[in-house]
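S.K.: I'll drop the sequence and a predicted model, then ask my questions.
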Amino acid sequence: MYSGRITIYDRQLKPVVLKLKSEIYDSFIAINMDDSIEFSGKTITEVYQKLNAWFRSKGVVF
């Protein structure tokens, strides 16, 4: 489980930023997952694709 915040900045280079923080404390899944991670891109779709690829690399189908 992760909690996150998506922010859209008024800038040209990667204005969409998604910051996630882990809320996995006592599960075997926590060993393989990051405590916090940030994704940035030009569009929300690009950030979603990066998030999906990251989950897949960890073995989680999102």
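M.R.: Structure's in. What do you need? Numbers count the residues shown, from 1 in each chain.
S.K.: Would you map the helices across this structure?
M.R.: With helices called from DSSP state H, the chain shows them at 44-57.
S.K.: Can you pull out the low-pLDDT segments for it?
M.R.: 27-31, 62 (pLDDT under 70).
S.K.: ok, so what distance separates residue 45 from residue 33?
M.R.: 23 Å (Cβ to Cβ, to the nearest Å). All C-beta atoms are positioned from the backbone trio N, CA, C, and that covers glycine.
S.K.: Among these two, which residue is more densely surrounded?
M.R.: A direct count of neighbours by other Cβ atoms under 10 Å for residue 45 and residue 33 places residue 33 higher, at 18 against 10.
S.K.: In contact with the more buried one, which residues?
M.R.: For residue 33, the contact set (Cβ atoms under 8 Å, 6 or more residues apart in numbering) comprises 22, 24, 58.
S.K.: Can you list the residue ranges for strands in this protein?
M.R.: For the chain, the strands defined by DSSP state E occupy 2-8, 16-22, 36-41.
S.K.: the inter-axis angle of the second one versus strand 36-41?
M.R.: Spelled out, that is strand 16-22. If you take axes from the mean of the first three to the mean of the last three Cα atoms, to 10 degrees, strand 16-22 sits at 160 degrees to strand 36-41.
S.K.: Lovely, talk soon.
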